[in-house]
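Student: what's the 3D shape of this:
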Amino acid sequence: MIPWISAAIIGLMIAALHYGRSPRLLPATLRAIAATLIAAMLFSAPSGPARPARPLVALDVSSSWTRGDTARDAWTRAAATARALAAGDSIVLFGDSARAAAAPPRAPGDRHSSLGPVLDAARETHRPLMIVSDGEFTDGATLPAGTRLTTIARRSLTDAAVVALDAPSRAAPGDTIPLRATIRAGSRPLAAATLTVSIGDGAPRTVALGPLGAFAEREASLTVVAPRGEREELVRAVVTTAGDGESRNDTLATYIEITRAPAAVVVSSSPDPDVRAALEALSGALVARPRGFYEVAPGAWRDATTLEPVTAAAVRAAAAAAPLLVLHGDTALFGEPARFARAALVLMIPGETSDAEWRAFAGDVSPLAPSLAGIAWDSIPPIELPPSSPHGGWTALEARSVGLASRVVVAGGDTSGHRRVVVAASGLWRWRARGGPSRDAYDALWGAIADWSTRMPVDARAVLPTRRSLREGDAVSWTRTGADSVIPVTLRRVAAPAGAPDSAAQALTLHFSGDAPTASTPPLASGRYVATMRGGSASFVVNAAAELLPARPTNHQVARGAPSAGVPAPPLGERWWPYAAALAALCGEWIIRRRIGLR
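Tutor: Residues are numbered from 1 along each chain as shown. Next up, the predicted model:
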């Protein structure tokens, strides 16, 4: 109505401007009509009232309907309800996507429950929504006004599922590997459950979980020993409980790469508390334990963990092959660091004692800034700085002292595709030793340095799967290890669920745009896969879809207010008759003006 009211006001003002107080009512009326129509077309005023729209019937076709329901009773009732509501009209199926269908499918099979595309379609068509679902879709918690949600009740189910398995992506042979699994109960409480974890062909570890309430979760932590040799090993977590009604969600698996290559190498020509604290911090920040070497006397090297003697050649070889090399003390020990380092490089330059008290504070913009936000820098112990400040593409940490200009402490950047960070200070170890907020600041700093430095993996293989454990329906993400933008990959399923054949090898071509480190390919069916690429191969697991995990139905609210008024009429400018009416009014006004002697 607002466009029409505005157009009418403009039409009356134009008529009043031309005729004022003149008693010539008919030409003034025709002028007002023509001006109103022209203004209404400019304002895209509707050409008529909105017409009532039939409701849009949306049916959830996610595979959560099949969880523990072998007879598919709930799905049968949902499909019948949707047909009745549609009354012969098409039905919108939603899950992985939204698409129209003449009738519900025989069985639901989508791997997601995304309602967003349906909400967009309802807004675009101005149609009220009628949704038939099991209530487990995760988006659209507040539905549009006028929405009718029909939730089909399902029978309660005894179920235990492994919903998460946290494991490092790498480990050294013989290492003790920490694992953490999350177990969730179904709609019935569990009297007891048992978790069994195994790596490769090794002896399984079993943990009794005790009772769980309905939809309750519990974390279980345990350790396994990495087998000898260098290879990829499958880690499986399996939960069992009496009367389990859904077996497809009982297992969750991933791969761990067993390798002797450390995640980082720390080399110090003048070991001190700073380099020891950095080595400890990196041990907690990296997926695999770093290795350290200390020069305790000229030419005499020791392993930082065992303190056993190590030859200088072995130190040099380990440093040259390190995915992340940390050099402390004499950073030119092996020559120019930027040329010697294979990949990421961190230089630790010790500071010197001075009368100035330098206090650190975070830089404004850097890749490390999110990790350093919220730290109370005033409570952090002071540090010592070297004579000169480092330079880089960004500054993560600075220091200030009374009466002196601020100095750069941590700087970094990319050089020829390799990441470089310089830490120019001594006394940072005091942060970790003090504990509390100071230790948190230290761990945040070194965790951010490790995360940013190793974000681009270094590997002989041209590309690696970003995650070794996926859910069915998830896109497969790949991370390149070099600068190639087009990488061919051969993918083969080597272990499929019972009753499903192994798939034939399929060729993929991964395209990386610009500096983007990752690319994606479509989702895969559940099973274990081996990807072969230039430089080797890598394995990953596609586990059962997340739709098969027990989930409490969400309490979806309907927004207050009036529902959609229906489908609006086309804008006035898209009709032919407003042009004809405006032209006729102007012509009639001109004829009348000529007859009464006006121009």
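
Student: so residue 61 touches residue 111, yeah?
Tutor: No - in this structure, residue 61 is not within contact of residue 111 by Cβ atoms under 8 Å, at 10.5 Å. (Each C-beta comes from the backbone N, C-alpha and C, glycine too.)

Student: now do the shared contacts for those two.
Tutor: By Cβ atoms under 8 Å, 6 or more residues apart in numbering, residue 61 and residue 111 have these common neighbours: residue 95.

Student: tell me the average confidence for stretch 88-107?
Tutor: Mean pLDDT, stretch 88-107: 92.

Student: how is this structure partitioned into domains?
Tutor: The chain breaks down by automatic domain parsing into domains covering 2-49+571-595, 56-156+553-558, 160-260, 265-453, 464-542.

Student: can you check the distance spanned by the second one, start to finish?
Tutor: Start-to-end span of domain 56-156+553-558 (Cα to Cα, to the nearest Å) is 16 Å.

Student: next: the shortest one.
Tutor: For domain 2-49+571-595, the separation between the terminal residues is 37 Å (Cα to Cα).

Student: make 8 the starting number, not 1.
Tutor: Shifting the count to begin at 8 puts that one at domain 9-56+578-602.

Student: all helices of the stretch 358-507 of the chain, in order?
Tutor: For the stretch 358-507 of the chain, applying DSSP state H, counting those that start in this stretch gives helices covering 376-379, 436-441, 443-460.

Student: give me whichever of these is most buried.
Tutor: Among the helices of the stretch 358-507 of the chain, ranked by average contacts under mean count of other Cβ atoms under 10 Å, first place goes to helix 443-460 (a mean of 20).

Student: summarise which helices and strands that one is packed against.
Tutor: Judged by 3 or more Cβ pairs under 8 Å, 6 or more residues apart in numbering; DSSP states H and E, the packing partners of helix 443-460 are helix 280-292, strand 351-356, helix 376-379, strand 401-408, strand 411-422, strand 425-431, helix 436-441.

Student: starting at the chain centroid, how far to it?
Tutor: 22 Å (Cα atoms, centre = their mean, to the nearest Å).

Student: the residue nearest to residue 26 when sequence neighbours are not counted: what's it in contact with?
Tutor: Nearest in space to residue 26, with sequence neighbours left out and distances taken as Cβ to Cβ, 6 or more residues apart in numbering, is residue 35 at 4.2 Å. With contact set as Cβ under 8 Å, 6+ apart, residue 35 has these partners: 22, 23, 25, 26, 29.

Student: do residue 345 as well
Tutor: Contacts of residue 345 (Cβ under 8 Å, 6+ apart): 352, 422, 425, 427.

Student: find the pair from those residues with maximum spatial separation.
Tutor: Largest separation among the contacts of residue 345 by Cβ to Cβ: 352 and 422, giving 8.6 Å.

Student: which one of these two is surrounded by more residues?
Tutor: residue 352 (23 against 13; other Cβ atoms under 10 Å).

Student: hey, where'd the helices end up in the stretch 8-157 of the chain?
Tutor: Using DSSP H, counting those that start in this stretch, helices in the stretch 8-157 of the chain cover 9-26, 32-49, 80-93, 123-132.

Student: so which of the ones you listed is the most surrounded?
Tutor: Mean neighbours per residue, mean count of other Cβ under 10 Å, is largest over these for helix 32-49, with a mean of 20.

Student: now do it against helix 9-26, angle only.
Tutor: Per axes from the mean of the first three to the mean of the last three Cα atoms, to 10 degrees, the angle that helix 32-49 makes with helix 9-26 is 140 degrees.

Student: out of residue 68 and residue 118, which sits in the more crowded spot?
Tutor: Counted by other Cβ under 10 Å, residue 68 and residue 118 do not tie: residue 68 has more neighbours, with 29 against 21.

Student: would you list the contacts of residue 345 in a markdown table and tack on distance to residue 449?
Tutor: What follows is the contacts of residue 345, written out as a markdown table (distance: Cβ to Cβ, whole Å):
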| residue | distance to residue 449 |
| --- | --- |
| 352 | 21 |
| 422 | 26 |
| 425 | 25 |
| 427 | 21 |
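
Student: so which of those residues would you say is closest to residue 175?
Tutor: residue 352 (23.2 Å).

Student: what sits against the closest one?
Tutor: 331, 332, 333, 334, 344, 345, 425, 426, 427, 428, 460.

Student: over to residue 421?
Tutor: Applying Cβ under 8 Å, 6+ apart, the residues contacting residue 421 are 400, 427.

Student: over to residue 563?
Tutor: Residues near residue 563 by Cβ under 8 Å, 6+ apart: 142, 147, 148, 149, 150, 156.

Student: the same query, at a cut-off of 7 Å, please.
Tutor: By Cβ atoms under 7 Å, 6 or more residues apart in numbering, the residues touching residue 563 are 147, 148, 150, 156.

Student: and the gap between it and residue 104?
Tutor: Residue 563 is 20 Å from residue 104, where distance means Cβ to Cβ, to the nearest Å.

Student: one more: residue 599?
Tutor: Going from residue 599 to residue 104 by Cβ to Cβ gives 61 Å.

Student: re earlier: of the helices of the stretch 8-157 of the chain, which is nearest residue 114?
Tutor: Proximity to residue 114 (Cβ to Cβ) singles out helix 80-93 among the helices of the stretch 8-157 of the chain, at 7.1 Å.

Student: residues in contact with the closest one?
Tutor: Residues outside helix 80-93 that contact it (Cβ under 7 Å, 6+ apart): 64, 66, 72, 98, 110-111, 115, 137, 139, 141, 157, 159, 161.

Student: switch the cut-off to 10 Å
Tutor: Residues outside helix 80-93 that contact it (Cβ atoms under 10 Å, 6 or more residues apart in numbering) are 61-68, 70-76, 79, 98-100, 108-115, 137-141, 155, 157-162.

Student: show me which of the contacts of residue 345 is closest to residue 47.
Tutor: Nearest to residue 47 among the contacts of residue 345, with distances taken as Cβ to Cβ, is residue 422, at 63.4 Å.

Student: isn't the closest one up against residue 350?
Tutor: No - if you go by Cβ atoms under 10 Å, residue 422 and residue 350 don't touch, sitting 11.3 Å apart.

Student: for residue 401, which non-adjacent residue is spatially closest?
Tutor: Nearest one to residue 401, counting by Cβ to Cβ, 6+ apart, is residue 373 at 4.1 Å.

Student: hmm, I typed the wrong one, I wanted residue 36.
Tutor: Leaving aside its sequence neighbours, residue 36 sits nearest to residue 22 (Cβ to Cβ, 6+ apart; 7.4 Å).

Student: then residue 261?
Tutor: Per Cβ to Cβ, 6+ apart, closest to residue 261 is residue 476, 3.5 Å.

Student: contacts only, for that neighbour.
Tutor: 171-174, 176, 242, 259-262, 547-550.

Student: surely residue 431 touches residue 419?
Tutor: No - counting by Cβ under 10 Å, residue 431 stays clear of residue 419, with 11.5 Å between them.

Student: perfect, that will be all.
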